[in-house]
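**Student:** coordinates only, sequence not included:
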């Protein structure tokens, strides 16, 4: 994924809730959900699991996008 400035990343996630699901992250970074799952499995992006769902903090995504 192409890295963006922190300000651009914050604009991209502005309309989403603080806890993002895999589909939300996929829409934001313009990749399929399977790619997001690979990113999570590689440990590149922190997440928590509740039941069978993955949740990513919006702030963590912004940091990851702007690294």
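**Tutor:** Thanks, I have it. A quick note: this is a predicted structure, and the numbers were derived from the prediction, not measured. Numbering: from 1, shown residues only.

**Student:** avg pLDDT for the longest strand seen in the chain?
**Tutor:** Longest strand of the chain, by residue count under DSSP state E: strand 53-57. What strand 53-57 shows for mean pLDDT is 98.

**Student:** all numbers from here: first residue = 49
**Tutor:** Taking 49 as the first residue, the last one we looked at is strand 101-105.

**Student:** can you list contacts of it?
**Tutor:** 66-70, 72-73, 85, 88, 93-97 (C-beta atoms under 8 Å, 6 or more residues apart in numbering). In short, each C-beta sits where N, CA and C put it, glycine included.

**Student:** and if we set it to 10 Å?
**Tutor:** 65-70, 72-73, 76, 81, 84-85, 87-88, 93-97, 111-112 (C-beta atoms under 10 Å, 6 or more residues apart in numbering).

**Student:** quick one, what contacts residue 97?
**Tutor:** By C-beta under 10 Å, 6+ apart, the residues touching residue 97 are 88, 103.

**Student:** part of a strand, is it?
**Tutor:** Yes. Under DSSP: H, G, I helix; E, B strand; the rest coil, residue 97 falls within a strand.
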